[in-house]
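J.: Kindly generate the corresponding structure for this input.
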Amino acid sequence: MNGPAPVDAMRAAADRAAGGGAAVAASPPAAAPMATHAVPHPAPAAEPALPPPTVRAIDLTHAEDAARWDAFVAGCPQATFFHRAGWMRVVGRVFGHPTWALAAERPQPDGSTAIVGVLPLARVRSLLFGDAVASLPFAVYGGAAAADEAAATALEDEADRLARRLGVQHLELRQLQRRHEGWPRQELYASFRKPILPDEEANLLAVPRKQRAMVRKAMQRGLTSTFDDGVDRFFALYADNVHRHGTPALPRRWFQALRDEFGDDCSVLTVAAPDGRPVSSVLSFRFRDEILPYYAGDDVAARDLAANDFKYWALMRWACDQGLKTFDYGRSKVGTGPYAFKKNWGFEPQPLHYEYRLYKRDAVPQNNPANARYKLMIETWRRLPLPVANWLGPFVVRSLG
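T.: A predicted model of the protein is given here:
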């Protein structure tokens, strides 16, 4: 580095003041500033571009592939209970629908290959309701769950190619979030999710006053709740309930298959009147730190006993005790009674974004009870004797999905 700069000359003695004063010493020379040289820093190395994912359909009957699939689902924030391998296995086993487990894979630096996205699909064919590939039949959530946009896009592109190759009328992706502005969509449904507070009493106080009063009313009437080992009490209440609403019931073997497949992650809670008679029941799914009450049934006496409110409070109280963090009230059609019931519990609706690729249709299909063309069918179904409806129902409902 440069040394101090030389001074031109030391000042001579200052002019003497009148009367001959002493000379004033000169100030010491100021040090020159140190010269600085910028030391270049190397630019941060650019992140290496990720190799494009490859997509293939994996066989979930193979234990190793199923374990890799479920490990990814467990850790992917976008994945839901219905993305688990078991859902497709049960759909195929009970209803015979062909399924495809599309997995996006990418090579890793250590030479291995990792799953970076999944898209579960099934084909549902019906003379009455059409021919479609959907993600996912009998599920409220679906679509691609992926680690990055490239993987999600690759999965959706492969699903589009598959649907076109099969010659179906449309592809349906039942997504939580909007993904494609240009795709036709249906926003008929909303989901209802809310955090579970760590304290039981705080959860009860978080329920709006009117519904909280119904819960306390049920407690005073001596209702009790228990978890069932089987599905018999649940199915009797469920089948009767949907029959009163003019809807075909899913077969009992569907619910038993869910219990068998998911074990402790699929539970049945039943509410009994003081005389021990079952009046309300719910089949729920547990996923990570969430509880999802999914199928339910009520006796005609449940309304007067406030058994429906008590049922969901009992499930929420149990979930709180288990340390779960989210209560997912599931899907309801906008403007219906169940939609209003969940809002009355203090849950805010979150629109679901079901997106479609239409191949042999001009409009999004409306296969739901709100469709006027099904009103006559609903009224006719209500008039069927319950045993007949339970026998016939599985042949109809398997095509609804």
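J.: going forward, measure contacts and count neighbours with C-alpha atoms only.
T.: Noted.
J.: helix/strand/coil for Tyr294?
T.: Put simply, Tyr294 is strand when judged by DSSP: H, G, I helix; E, B strand; the rest coil.
J.: Now do the contacts for it.
T.: Contacts for Tyr294 were tallied using CA atoms under 8 Å, 6 or more residues apart in numbering; they are Val282, Leu283, Ser284, Phe285, Tyr329, Gly330.
J.: same deal with Ser332?
T.: Here Ser332 is in contact with Tyr189, Ala190, Ser191, Pro338, Tyr339 (CA under 8 Å, 6+ apart).
J.: What remains of those if I keep only buried residues?
T.: Buried by 16 or more other CA atoms under 10 Å: Tyr189, Ala190, Ser191, Tyr339, out of those.
J.: bridging residues for the third one?
T.: Partner residues in beta bridges with Ser191, using DSSP bridges, are Arg331, Gln350.
J.: Next, the contact list for it, please.
T.: Taking CA under 8 Å, 6+ apart as the criterion, Ser191 is in contact with Asp328, Tyr329, Gly330, Arg331, Ser332, Pro349, Gln350, Pro351, Leu352.
J.: do you know how far the residue lying closest to the third one once chain neighbours are set aside is from Phe327?
T.: Nearest residue to Gly330 in three dimensions, chain neighbours excluded: Ser191, at 5.3 Å (CA to CA, 6 or more residues apart in numbering). Distance of Ser191 to Phe327, given as CA to CA, to the nearest Å: 11 Å.
J.: Buried members of the contacts of Ser191 into PyMOL, please.
T.: Selection of buried members from these for PyMOL, criterion 16+ other CA under 10 Å:
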select buried, resi 328+329+330+331+332+349+351+352
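J.: Is Ala71 located within a helix, as I assumed?
T.: Yes - the assignment for Ala71 (three-state DSSP) places it in a helix.
J.: That one: how many residues sit nearby?
T.: For Ala71, the neighbour count with other CA atoms under 10 Å is 13.
J.: try Ser126
T.: Neighbours of Ser126 (other CA under 10 Å): 12.
J.: Ok, Asp321 next?
T.: Number of residues near Asp321 (other CA under 10 Å) recorded here: 12.
J.: next one: Phe192
T.: Per other CA under 10 Å, the neighbour tally for Phe192 reads 20.
J.: who's in contact with it?
T.: Going by CA under 8 Å, 6+ apart, Phe192 touches Asp328, Tyr329, Gly330, Arg331, Lys342, Phe347, Glu348, Pro349, Gln350.
J.: Just to check, Gln108 is in contact with Pro53?
T.: No - taking CA atoms under 8 Å as the definition, Gln108 is not a contact partner of Pro53, at 10.9 Å.
J.: can you redo the contacts of Tyr294 as JSON lines with secondary structure?
T.: Converted to JSON lines, the contacts of Tyr294 look like this (three-state DSSP):
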{"residue": "Val282", "secondary structure": "strand"}
{"residue": "Leu283", "secondary structure": "strand"}
{"residue": "Ser284", "secondary structure": "strand"}
{"residue": "Phe285", "secondary structure": "strand"}
{"residue": "Tyr329", "secondary structure": "strand"}
{"residue": "Gly330", "secondary structure": "strand"}
